[in-house]
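Asker: Take a look and give me a structure for this.
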Amino acid sequence: MKQWEIDGKTRLYGLLGSPVSHSLSPFIHNEGFRRLSLNARYLAFSVGEKELEGTLSALRKMGVGGLNLTMPLKEAVLPLCDSLSKEARLSSSVNTLIFSENGEMTGSSTDGIGFFRALEDTNGSVQRKRLCLMGLGGAGKAILSRAVYTELSEIRLLQRASSIEKNRAFIEKVEQETGKSIFLGSYEENLAEFLEESDILVNSTNVGMGEKLSLIPDEKLLHKGLFVADCIYHPAETKLLSQAKNKGLRYMNGLPMLFYQAAESFRLWTGQAFPEEEVLEALRAFSLRKKERKCKSQLKYLLNLLTRY
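Answerer: Purely as a prediction, here's the structure:
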C-alpha cells in the first residue's frame, strides 16, 4: 500500500448533521480511502438546520469532494440541491451530496439501498414478506421508497395520528409512481393489528436514540417469527431491540445499514467499488483495540451481522 499522507491535493469529504460525535462514518470512509490509496479524508461536522445553507456554500467554494447528511438535514437540504437522483426525488430525502467538476450539487439517497442490503444479508430474501415501517422522516422515506421496488408482498406504515394527513400527499405520490399499495395506520388505532399482520418490523424514528424508550408499549405485541430492525445504532441495543431479544426474536440495529449505505456513497463519489472485506477486517482490528466497552459492543454487533461477508 502506498504511503497515505495529507498534502495540498488532499480531497475533503464529510458528514453533516447533529449529533455526529458518535458516528462511525469517518472510520469507515477513511479506511476505504486508505485501502485504495486515495488522497482523501472524511470528517464529521456538527451542523444544524440553520447553519446548513451557509455551511454548504463554504464547502462548495472549498471544492469538497462529497458529503453525507444525517438527521436533521436529510429533508432540509432538498431545496438547496441543483438536481436530485431518482431515489432522492421519490423519497424526498437526501443523505448523499455529489459535486461535479463545475460545482453542481446533486442530492442522492443511499439509505434505502443500504437498509435492504443489510436486511437481506441478515434475514434472507424479502420475497413475499410483509413489512411494517414505523416513522416517515428522512430514513423512513428512503426505506419506503426502496421497499416499493422490492418483492415484499405488503407494506404497512405506522405514524402518529397527527402526522397522517401531513404525509398523505407523499404516500400517494409513491403509490402513483410505483403502482404499489401502502397500508397506512396510526400507533393509536392500528399498532396491534399491523404488527400481527407483518413479518418484518422497522423503526426509522429517533425514538430510542437518547432515552430508553420504545414505540411498542408491550413486548407481547411482538409475535413469534417477527424480525425486528432499528435504524438506530447508538446505542447498539435500543429498548425496542431489547424487547425483541427478550421475546427470542431475530433483530438488527442500524450499523449494517450504515455500512452498506456508506459503501454506495463511496462508489458514487469515487467511481470505485468500496473495499468491503478489507474495511470489515479493519473494523474487527479496531474493535479489539478499543477499550471503551460500548464502542466494542457496537462494532462486534456489526461484524456479527455481516458474517456472510
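
Asker: Now do residue 6 against residue 266, distance only.
Answerer: Remark: distance between residue 6 and residue 266 (C-beta to C-beta, to the nearest Å) = 19 Å. Every residue, glycine included, has its C-beta placed from N, CA and C.

Asker: Would you mind telling me which of these two has the busier surroundings?
Answerer: When residue 6 is set against residue 266 and neighbours are counted by other C-beta atoms under 10 Å, the residue ahead is residue 266, at 28 against 9.

Asker: could you pull out the helices for this structure?
Answerer: Secondary structure of the chain (DSSP state H): helices at 25-35, 49-61, 86-91, 111-123, 138-147, 161-178, 187-196, 239-246, 255-270, 276-289, 293-305.

Asker: if you compare those helices, which one is most tucked away?
Answerer: helix 138-147 (a mean of 26; mean count of other C-beta atoms under 10 Å).

Asker: ok so, going back, could the helices of the chain go into TSV alongside mean pLDDT?
Answerer: Conversion of the helices of the chain to TSV gives the following (pLDDT from 0 to 100):
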stretch	mean pLDDT
helix 25-35	96
helix 49-61	96
helix 86-91	94
helix 111-123	96
helix 138-147	94
helix 161-178	94
helix 187-196	97
helix 239-246	97
helix 255-270	95
helix 276-289	80
helix 293-305	61
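
Asker: closest one to residue 131 among those?
Answerer: helix 138-147 (6.1 Å; C-beta to C-beta).

Asker: Just the C-alpha atoms of the closest one, please, in PDB.
Answerer: Taking only C-alpha atoms (Å, rounded to 0.1, in the frame of the first residue of the first chain), the coordinates of helix 138-147 have been written out as PDB:
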ATOM      1  CA  GLY A 138     -35.700  11.100   6.100                       C
ATOM      2  CA  ALA A 139     -34.600   7.500   6.700                       C
ATOM      3  CA  GLY A 140     -38.200   6.300   6.700                       C
ATOM      4  CA  LYS A 141     -39.000   7.900   3.400                       C
ATOM      5  CA  ALA A 142     -35.800   6.400   1.900                       C
ATOM      6  CA  ILE A 143     -36.700   2.900   3.100                       C
ATOM      7  CA  LEU A 144     -40.300   3.200   1.900                       C
ATOM      8  CA  SER A 145     -39.200   4.500  -1.500                       C
ATOM      9  CA  ARG A 146     -36.900   1.400  -1.900                       C
ATOM     10  CA  ALA A 147     -39.400  -1.000  -0.400                       C
END
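
Asker: Contacts for it, please.
Answerer: Around helix 138-147, the neighbours that count as contacts under C-beta atoms under 8 Å, 6 or more residues apart in numbering are 71, 73-75, 87, 90-95, 109, 111-113, 115-116, 131, 133-134, 136, 155, 157, 170, 174, 182, 202, 204-205, 231.

Asker: Same check on stretch 264-282?
Answerer: Stretch 264-282 is contacted by residues 13, 27-29, 31-32, 35-36, 38, 65-66, 68, 95-96, 98, 108, 110, 113-114, 259, 262-263, 303, 306, 309 when judged by C-beta under 8 Å, 6+ apart.

Asker: Skipping its backbone neighbours, what lies nearest the spatially most central residue of the chain in space?
Answerer: Nearest to the mean C-alpha position of the chain, counting by C-alpha atoms, centre = their mean, stands residue 111 at 4.3 Å. Counting by C-beta to C-beta, 6 or more residues apart in numbering, residue 111 lies nearest to residue 142, which is 3.6 Å off, once chain neighbours are set aside.
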